[in-house]
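Participant: A structural model of the following input is requested.
(2 chains)
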2 protein chains.
Amino acid sequence: MSDLFAPRAALQRARRHAGPLSGDEWRDVVTAFTNGTFTDAQMAAWLMARVMHGITVDESVALTEAMVNSGSVLEHPSGGGPVVDKHSTGGVADTTTLIIAPLVASVGLVLAKLSGGSLGHTGGTLDKLASIPGMRTDLDPKTFVQQLATVGVAIAAATTELAPADRRLYALRDHIELVDDTALIAASIMSKKLATGATHLVLDVKLGQASILGDDTLTRTLATQCIAIGAAHGRQVTAVLSDMNQPLGPAIGNALEVRAAIDVLSQRSFGRLGELSVLLATELLCSTGVEPAQANVTVMEALTSGDALERFRQLVVAQGGDPHVVDDPTRVLELKPPTALWTPEASGRVVAIDTKRLGVLARDLAGPNGDLKAGLELTLTLGMQANQVVIAIHTSDSGRVGPAKQVLHDAIVIGDAEVTPGPLVQEIIR
Amino acid sequence: MSDLFAPRAALQRARRHAGPLSGDEWRDVVTAFTNGTFTDAQMAAWLMARVMHGITVDESVALTEAMVNSGSVLEHPSGGGPVVDKHSTGGVADTTTLIIAPLVASVGLVLAKLSGGSLGHTGGTLDKLASIPGMRTDLDPKTFVQQLATVGVAIAAATTELAPADRRLYALRDHIELVDDTALIAASIMSKKLATGATHLVLDVKLGQASILGDDTLTRTLATQCIAIGAAHGRQVTAVLSDMNQPLGPAIGNALEVRAAIDVLSQRSFGRLGELSVLLATELLCSTGVEPAQANVTVMEALTSGDALERFRQLVVAQGGDPHVVDDPTRVLELKPPTALWTPEASGRVVAIDTKRLGVLARDLAGPNGDLKAGLELTLTLGMQANQVVIAIHTSDSGRVGPAKQVLHDAIVIGDAEVTPGPLVQEIIR
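Facilitator: Reported below is the predicted structural model:
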């Protein structure tokens, strides 16, 4: 922190200066916020003023750096090659992380994934892993890095030592309804990735109805801001803009999504979930310098040979989980037959899906205690004939079935219009 | 508060809606802020967002009303005629309140003055009164209103029951460097005046170097906003835009200013201080319906007849002060001869005065314990020959004399330029 840091001067500049503020000013403010000399109210005023002026990429870069410096950075062995990571802005029925992580590890990359909790209508990787009996995600940094060396992949809860300013800033942004500014989101995402030591990152940025921003133009801005922040810190970031106008995979819910991931890794299913997972894994491999065509072949071979599935088993074992989940997920995850099935009464096609609402419904089916086995299994895509749609409802409380069916009736729109679903991936920004 | 009040929705609107927000929204937010369900950080974000969009007069009106409703309103006897008040945005060597208050009471008006503390470089009426032995300003509301009935004038400290939201909001604005927004200042001033029950108000709005905003365009905006807020609440507000490019009267400092006020009331002096006091008192009388020419005659008669001085004595007696202060202020206020005198070394004229700095110097001469007898006596006007300038320094600590002389040397600029001081009153907005 500069000796001259003065909250009054900083706040005056934040409000009055329409152009960008300096990196030093951002660093001073974040440092003072971290050590408590810049209060929540002052930070709220500062953030609101800067957001209303429009935060530039240079400002985001400085903010990211300041948040990284607020805590410790995960140390990887020197000369150990790239450390890769995958981040999603949040999808529904989206369990690509559980597929990609072992997949890229099985082709020789090191994937270090530190995850936060679930946000809003989208699921969280840690909750999914918690549905595997014995599985631990509270790895200390040393254990985490050791596992990367032996298994090539580790997925754990982000510790409070990494980018603590980001945590506090996120809580404040949530409190003052400032979570949707793309520059602040980009800085938040990238600060955690930089603190994890990732050198190559693929971002799965969701477009469409159930995307976090709900606005494709803003979402593209977010993607380019993340890439720019990464570049300023010498990291390779690839953004894949993928469709979230319908659920990605065949299941929403923690244990159900683990089973769906294992089904893809075991080649019992593929679908849009498999397609996007392979594409993201391929992009990660490409970003480390492998030719695209070769990268795709390598990834597909890892999947079809069973190497990826085997690596998933090693991941589970390393983190204390029951390895038999790989062979018989239904039994090990203690998944039961559906509590109820639902199909549309109307005839026609699926013309629209309120995907966000399906995400919320799956969470509601889990009840206040968060039953990890609750959720939805979906035979559902845009344009499908209504009589082919089947939604399996999983809940331990049969009282939730009736309201759930009403939500499904509202969220899945049947009509006569011709429907041409957009492509799964709209654009890749490298 | 509306049943539908939700901080999230309020903050989203505050940030995104460029047009004015509704009165209900402002009232909901202030109510929630007062009862603690809208936090300091949320209020900081709200205020910053609205200030950056530009707060409209309608919004200020609603904010004022909400702040008044956050506490109690002083009850005056029904059918008791107008209750008048005078407010200044803060001047240096400006003790007009101590002259106007007894003056308008002596012509039959009721003046109810509740005062806050001093702000920044300008003096506070309560501190001045405190220099009169025995004088109390901690009147409870009942005593205050009773004194208005018997003496026609009372000057007391604002209690925490009146517009408490304004107090909290001011503290927050100060904390986040948002004290200079005219709409928020206008709402703050007017909320206190409305809570005191004033029906007619004269505002002495200072222009020039030592004005609080330091920008004459903004200052005029502030004046018109106060008038509009008053009008919306059925109050008659007159704004007198007066010059603050030089000290108004012959003294800066608490006891020194009391003596200066008594000197005007006793007709031992008049000058710019007397001139502005008479003008403000005349405007107050006019605002209650008296013809301007008649009002001026009435006010001047009250001054020259000694009625105003006598009313000042009654005010002092009613509030427990030593009435002999009126007859021999120097003795009762225990004022001593100056500690030191200063005159400019250069020859020429006074071409500029850093009036703000003189205000700060007088405060500094009082030291950390706030010696009420410290300050400056000034034989000083813009354009005066340098060899006629005399500044008398009053301090109990002779170590402060040297630095004070250096400040005077810097603050009083002597040169050869022709100087034409602006008029004392630039404009009156009714």
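
Participant: in what helix or strand does A:Val350 lie?
Facilitator: Using DSSP states H and E, A:Val350 maps to strand A:349-353.

Participant: list of residues touching that strand?
Facilitator: A:209, A:245-247, A:344, A:380-386, A:389, A:411-417, A:419 (Cβ atoms under 8 Å, 6 or more residues apart in numbering or on different chains). For every residue, glycine as well, the C-beta is placed using N, CA and C.

Participant: excluding sequence neighbours, find me the nearest residue to the residue most central in space within chain A.
Facilitator: Against the mean C-alpha coordinate of chain A, by Cα atoms, centre = their mean, the closest residue is A:Ser88 at 3.1 Å. Among residues not flanking A:Ser88 along the chain, A:Asp204 sits closest, at 4.1 Å (Cβ to Cβ, 6 or more residues apart in numbering or on different chains).

Participant: is the one you found in contact with A:His87, as I believe?
Facilitator: Yes - the pair A:Asp204 and A:His87 passes the contact test of Cβ atoms under 8 Å, sitting 7.0 Å apart.

Participant: let's see the distance spanning stretch A:244-259 from one end to the other.
Facilitator: End-to-end distance for stretch A:244-259, by Cα to Cα, to the nearest Å: 21 Å.

Participant: now the helix or strand harbouring A:Arg311: buried residues?
Facilitator: Assigned by DSSP H and E, A:Arg311 belongs to helix A:307-318. Residues of helix A:307-318 classed as buried by neighbour count (16 or more other Cβ atoms under 10 Å in any protein chain shown): A:Asp307, A:Ala308, A:Leu309, A:Arg311, A:Phe312, A:Arg313, A:Gln314, A:Leu315, A:Val316, A:Ala318.

Participant: ok, the fifth one to B:Gly80 distance?
Facilitator: With distances defined as Cβ to Cβ, to the nearest Å, the gap from A:Phe312 to B:Gly80 amounts to 85 Å.

Participant: cool, and the second one?
Facilitator: In this structure, A:Ala308 and B:Gly80 are separated by 88 Å, where distance is defined by Cβ to Cβ.

Participant: can you show me the helices along the stretch 201-350 of chain A?
Facilitator: With DSSP state H, counting those that start in this stretch, the ranges of helices along the stretch 201-350 of chain A come out as A:216-232, A:254-265, A:271-287, A:292-304, A:307-318, A:329-332.

Participant: check whether the first one comes near chain B.
Facilitator: No - using Cβ under 8 Å from any Cβ of the partner chain, helix A:216-232 stays clear of chain B, coming no nearer than 12.9 Å.

Participant: and that helix, what other elements does it pack with?
Facilitator: helix A:57-69, helix A:182-196, strand A:200-207, strand A:236-243, strand A:425-429 (3 or more Cβ pairs under 8 Å, 6 or more residues apart in numbering or on different chains; DSSP states H and E).

Participant: C-terminal to the strand holding A:Val350, what's the next element?
Facilitator: Next along from strand A:349-353, by DSSP H and E: helix A:355-365.

Participant: who touches the next helix or strand after that next one?
Facilitator: Scanning forward in sequence from helix A:355-365 by DSSP H and E, the next helix or strand is strand A:375-379. The contact list for strand A:375-379 (Cβ under 8 Å, 6+ apart) reads A:93, A:247, A:250-257, A:338, A:358, A:361-362, A:365-366, A:388-394.

Participant: ok, and for strand A:375-379, which residues are buried?
Facilitator: So for strand A:375-379, counting by 16+ other Cβ under 10 Å, buried means A:Gly375, A:Leu376, A:Glu377, A:Leu378.

Participant: tell me how far it lies from the chain's centre.
Facilitator: The chain centroid and the centroid of strand A:375-379 are separated by 20 Å under Cα atoms, centre = their mean, to the nearest Å.

Participant: past that strand, which element shows up next along the chain?
Facilitator: strand A:390-394.

Participant: what is the burial count for the residue of the stretch 201-350 of chain A found nearest chain B?
Facilitator: When distances are taken as Cβ to the nearest Cβ, the stretch 201-350 of chain A reaches nearest to chain B at A:Asp215, 12.5 Å away. Counted with other Cβ atoms under 10 Å in any protein chain shown, residues neighbouring A:Asp215 total 14.

Participant: swap in A:Asn69?
Facilitator: Counted with other Cβ under 10 Å, A:Asn69 comes out at 18.

Participant: now A:Asp140
Facilitator: Counted with other Cβ under 10 Å, A:Asp140 comes out at 11.

Participant: assign the nearest residue to it once chain neighbours are set aside to helix, strand or coil.
Facilitator: What sits nearest to A:Asp140 in space, not counting adjacent residues and going by Cβ to Cβ, 6+ apart, is A:Thr159, at 7.7 Å. For A:Thr159, the secondary structure call by DSSP: H, G, I helix; E, B strand; the rest coil comes out as coil.

Participant: quick one: A:Thr159 and A:Pro141 touch, right?
Facilitator: Yes - the pair A:Thr159 and A:Pro141 passes the contact test of Cβ under 8 Å, sitting 6.9 Å apart.

Participant: which strand residues bridge the closest residue to A:Met384 other than its chain neighbours?
Facilitator: Nearest residue to A:Met384 in three dimensions, chain neighbours excluded: A:Val350, at 4.9 Å (Cβ to Cβ, 6+ apart). Beta bridges link A:Val350 to A:Ile414 when assigned by DSSP bridges.

Participant: quick one: A:Val350 from B:Leu408, how far?
Facilitator: The value you get for A:Val350 to B:Leu408, if Cβ to Cβ is used, is 84 Å.

Participant: and A:Arg349, by the same measure?
Facilitator: Taken as Cβ to Cβ, the span from A:Arg349 to B:Leu408 is 87 Å.

Participant: what's the answer for A:Ser347, then?
Facilitator: 93 Å.

Participant: tell me how many other residues surround the residue nearest to A:Thr219 when sequence neighbours are not counted.
Facilitator: Leaving aside its sequence neighbours, A:Thr219 sits nearest to A:Leu213 (Cβ to Cβ, 6+ apart; 5.0 Å). Neighbourhood size, A:Leu213 [other Cβ under 10 Å]: 20.

Participant: how about the contacts made by A:Leu213?
Facilitator: Here A:Leu213 is in contact with A:Thr89, A:Asp180, A:Thr182, A:Thr219, A:Leu222 (criterion: Cβ under 8 Å, 6+ apart).

Participant: over to A:Ile393?
Facilitator: Applying Cβ under 8 Å, 6+ apart, the residues near A:Ile393 are A:Pro338, A:Thr339, A:Ala340, A:Leu341, A:Trp342, A:Leu365, A:Leu376, A:Val401, A:Ala404, A:Lys405.

Participant: any idea how far A:Leu256 is from the second one?
Facilitator: To A:Leu256, A:Thr339 is 12 Å away according to Cβ to Cβ.

Participant: who's more crowded, these two?
Facilitator: Set A:Thr339 next to A:Leu256 and count neighbours by other Cβ under 10 Å: A:Leu256 wins out with 30 against 17.

Participant: and that one, what does it touch?
Facilitator: A:Leu335, A:Lys373, A:Gly375, A:Leu376, A:Glu377, A:His394.

Participant: closest to A:Glu59 among those?
Facilitator: The closest of the contacts of A:Leu256 to A:Glu59 turns out to be A:Gly375 (Cβ to Cβ; 40.3 Å).

Participant: still on that earlier bit, which residues are in contact with each of A:Thr339 and A:Leu256?
Facilitator: Here A:Thr339 and A:Leu256 share the contacting residues A:His394, scored by Cβ under 8 Å, 6+ apart.

Participant: pLDDT wise, what is the residue nearest to A:Ser88 at?
Facilitator: Looking at A:Asp204, its pLDDT reads 96.

Participant: give me the number of residues near the nearest residue to A:Leu333 once chain neighbours are set aside?
Facilitator: Once flanking residues are discounted, A:Leu333 sits nearest to A:Ala255: 4.3 Å by Cβ to Cβ, 6+ apart. Neighbours of A:Ala255 under the rule other Cβ under 10 Å: 26.
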